[in-house]
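In: Prediction below, plus the sequence it came from.
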Amino acid sequence: MAKGFYSYIKQAWKKPSAEKIAETRKKMIAWRAGERVAKIEKPSRLDRARTLGYKAKKGFVIARVTIERGGRTRPRPRKKRRTSRQHIQLTLKMNYQWVAEQRAQRKFRNLEVLNSYLLGKDGRFYFYEVILVDPNVPEIKSDKNLNFLCRVQNRFRVFRGLTSAAKKSRGLRNKGPELKVRPSVGAWHGRGK
């Protein structure tokens with residue numbers, strides 16, 4: 001069976017050549033020096049973006065988000081705390097991709113997050129690309145696959161954990177009677193995650 005164009009792009013990202021790895025490392029150096037949330041012209045991984053709903057038409061915006069890796073820590077309190085309150089580790093209960101989507105949404109308030117995907121990582125940062133959609137553009141309103149984003153009840157869906165990455169982080173990919181994450185993480189007396 002003949003392979004399509006996007007399958008070759010996907011294979012090139014799965015098993016990159018030495019030249020591709022060197023080129024990506026150079027790009028990462030520039031990304032580190034740039035903005036943490038930057039609007040870009042077109043997706044770097046076209047096959048992944050198309051799989052997640054991207055189309056090359058009006059109303060679509062791609063944002064590259066840089067997230068710092070490592071534990072989410074704060075300075076240790078010096079005094080006036082019980083021992084149990086002196087922890088420095090913040091348990092956020094969100095994966096990095098969900099955090100990246102939220103940061104992109106905060107920067108572009110008039111857009112709506114559709115999906116996101118991982119670009120790569122180095123020793124200090126994760127790099128994600130977030131697909132955003134403008135719900136006020138006529139091309140989006142007339143698209144039967146995307147016009148659900150135009151409804152008022154779907155505004156700021158990323159902050160309510162309704163994107164794919166958020167649902168994965170919330171543990172909603174599986175179902176079962178003993179699953180403690182439904183209807184929310186706070187269900188079952190807070191034993192969700």
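Out: Happy to help now that I have it. Numbers count the residues shown, from 1 in each chain.

In: so who does residue 62 touch?
Out: 39-43, 49, 54, 129-132 (CB atoms under 8 Å, 6 or more residues apart in numbering). For the C-beta atoms, the positions are set from N, CA and C on the backbone; glycine is no exception.

In: ok so it is a strand residue?
Out: Yes. Secondary structure of residue 62, determined by DSSP: H, G, I helix; E, B strand; the rest coil: located in a strand.

In: Retrieve the pLDDT associated with it.
Out: The confidence metric pLDDT takes the value 97 at residue 62.

In: ranges for the strands of this protein?
Out: Using DSSP state E, the strands of the chain run over 37-40, 60-68, 112-121, 125-133.

In: Need the winner for burial among those strands.
Out: strand 125-133 (a mean of 23; mean count of other CB atoms under 10 Å).

In: got a list of what residue 166 touches?
Out: 94, 98, 101, 158.

In: Can I get the worst-scoring helix or strand of the chain on mean pLDDT in PDB? Just the C-alpha atoms.
Out: Using mean pLDDT, DSSP states H and E, the weakest-scoring helix or strand in the chain turns out to be helix 187-190, at a mean of 81. Presented in PDB, the C-alpha positions along helix 187-190 are these (Å, rounded to 0.1, in the frame of the first residue of the first chain):
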ATOM      1  CA  ALA A 187     -14.700  13.500  44.200                       C
ATOM      2  CA  TRP A 188     -14.500  10.500  46.600                       C
ATOM      3  CA  HIS A 189     -13.500  12.900  49.500                       C
ATOM      4  CA  GLY A 190     -10.500  14.300  47.600                       C
END
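
In: neighbouring contacts of it?
Out: 180-181.

In: Just the buried ones from the contacts of residue 166, in PyMOL syntax?
Out: Buried subset of these, written as a PyMOL selection, criterion 16 or more other CB atoms under 10 Å:
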select buried, resi 94+98+101+158
